[in-house]
Structures are given as C-alpha cells and as structure tokens.
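# Sequence and computational prediction follow.
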Amino acid sequence: MTADDEDIRAKLLDAALMHVPFDGWTRASFTAAVRDSGIDPALAEAICPRGALDLAVAFHRRGDAQMVARLEAADLAGMRFRDRIAAAVRYRLEATQDKEAVRRGVTLFALPPHAPEGAKLIWGTCDLIWTTLGDSSDDLNWYTKRATLSGVYSSTVLYWLGDTSPGHQQTWEFLDRRIDDVMQIEKLKAKARKAPVLGALLAGPNWLASRVRAPKGPDRDAEPGHWASGS
C-alpha cells in the first residue's frame, strides 16, 4: 500500500469514527465515512476491500503506532522491567480517545469470522511492546512472553472498558495485579527447574523447547517460527 493509500484510509477512518459509536464497525459506518470524506466509492472499496473491518484494523494499528511513539520518547531507564511493561499497556490504552470505538471493536472481533483477526491484532500489539522494550529472545520465550502479555492485555482492556474511576485508576491497579500474578508464576517455574527431580523430568521437554526459534524476516506474521538445526 502506498503512502497516498495510507492517507486515504486514514481519512476514511477519521470520518468513520463519527459513526462507529452509533452504528458499530458496520457497512453503514463505512458508507457514511465514504460519503462524509468525499472519497470516490470505488477508490474506497479498493483501499478497504473488507469495508469497516479494514477500518477497525487500521484503528487498532493507529493506537499501536501512538503507543510505540510514546514508549520511544519516554525515559524508562530507571524503571523495573515489569513497570515498563505496565507503562506500555497503559500507554496503549491511553492512546485511545474513543472508548466506544474500542468497545465496538471488541464486539466485532468476538464474532467467529473475525476472531482470528482480533487475536492477530492483540498478538501484534504485545509483540510491539516487547520489541520496543528491547526483547532479544529467539527461543520459546519469544512466544511465551507474547502469549502471556496477550492475556494480561486482553483482560485489562475488558476491565478498562467498564472502569469509571477517576483517571482509570482502578484499571491501572488491576493491571499491576495481573503483572504481579505473572511474575509469581515465573518465579515458581524457575524454582521448579532448579529442583533435582523436576529438573530431570523436564529435561526432555526443555530440550525440545530449546529447538524452537522465533520467526524471522521483514514479515514475521507470515512465518510461524522455525526449528533450530544442529545438536
């Protein structure tokens, strides 16, 4: 997609956001966005062949881009790593000015035909968080970090949608508790690996896990990863 196409899609998205709170990410919102933006309908269909679904994806990725920009500008050097993760999730939620558009997106991506797309978007957000924070893992940890954070992020979004506390303070406390839970699990796993009996039992699975490698290449979504060769 060219820069011009991106600009047109952004214009369509801006126009659609006026209608999404009322009509959801639907054909009605897409049609209204085309009309309000003044973009030729044929061109709009070419750039967004799936209509409002493509705009919902663009809306999510716009929030991702804003989160990354804020992370890169922030001074996180003095923070514990778990606090950097919490800050990243908070930045991602704060990047969204329209909570109702998110709510409508959750409804859209909960539908069976669109659930894989929604899962891919959440995974992409969590991948961006880890990558922006400097994650260099190349083994099974690459997957477990993103899978774990996907669970934390998803549950926090749902809590945030129903949070009416000042400044969403209850959401940030909920997020801290979820991250603390994950940290406790990681500590238990570390202790289990050091236990002689469990260490012996886990030797085979650990060897298999050590063969898994993170996906490579410019389009990591297209690659599920690979198996490390050698002994």
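That came in fine, so what should we check first?

# Spatially central residue in this protein, please.
Using CA atoms, centre = their mean, the residue of the chain that lies closest to the mean C-alpha position is T125, 2.3 Å off.

# in terms of contact, does that residue touch R92 like I think?
Yes. Between T125 and R92 there is a contact under CB atoms under 8 Å: 6.3 Å. C-beta: built from backbone N, CA, C; applies to glycine.

# Spit out the residues that contact those two alike.
Common contact partners of T125 and R92 (CB atoms under 8 Å, 6 or more residues apart in numbering): D64, M67, Y153.

# How is this protein partitioned into domains?
Following automatic domain parsing, one finds the domains of the chain at 1-49, 56-195.

# Quick one: mean pLDDT for the last one?
Mean pLDDT, domain 56-195: 91.

# Return the distance of that domain from the chain's centre.
Chain-centre distance of domain 56-195: 6 Å, with CA atoms, centre = their mean, to the nearest Å.

# wait, doesn't T96 sit right on R103?
No. With contact defined as CB under 8 Å, T96 does not count as touching R103 (10.3 Å).

# Where do the helices of this protein begin and end?
Ranges of helices within the chain are 3-16, 20-23, 27-37, 41-47, 52-73, 81-94, 99-110, 115-132, 140-161, 169-194, 196-201, 203-211, based on DSSP state H.

# Next up, the contacts around Y91.
Contacts of Y91 by CB under 8 Å, 6+ apart are Q66, M67, R70, L71, A74.

# For P116, state which of these is nearest.
M67 (22.4 Å; CB to CB).

# looking at it, that closest one is touching T96, isn't it?
No. At 9.5 Å, M67 does not count as touching T96 under the criterion of CB under 8 Å.

# These two - which one has more neighbours?
M67 (24 against 18; other CB atoms under 10 Å).

# Report the contact partners of the residue nearest to that one when sequence neighbours are not counted.
Nearest residue to M67 in three dimensions, chain neighbours excluded: R92, at 4.2 Å (CB to CB, 6 or more residues apart in numbering). The contact partners of R92, by CB under 8 Å, 6+ apart, come to G63, D64, M67, T125, I129, Y153.

# give me that answer again for 10 Å
Residues in contact with R92 (CB atoms under 10 Å, 6 or more residues apart in numbering) are 60, 63-64, 66-68, 70-71, 125-126, 128-129, 153, 156-157.

# swap in R80?
Counted by CB under 10 Å, 6+ apart, R80 has contacts A86, M183.

# Go through the shared contacts of T125 and R92 and name the one nearest P215.
D64 (18.1 Å).

# So that closest one sits against I129, correct?
Yes. Assessed by CB atoms under 10 Å, D64 is found in contact with I129 at 9.1 Å.

# what about the residue lying closest to G124 once chain neighbours are set aside, how many neighbours?
Nearest residue to G124, sequence neighbours excluded (CB to CB, 6+ apart): D64, at 6.8 Å. Look at D64: counted by other CB under 10 Å, it has 18 neighbours.

# roughly how far apart are D64 and D181?
D64 is 25 Å from D181, where distance means CB to CB, to the nearest Å.
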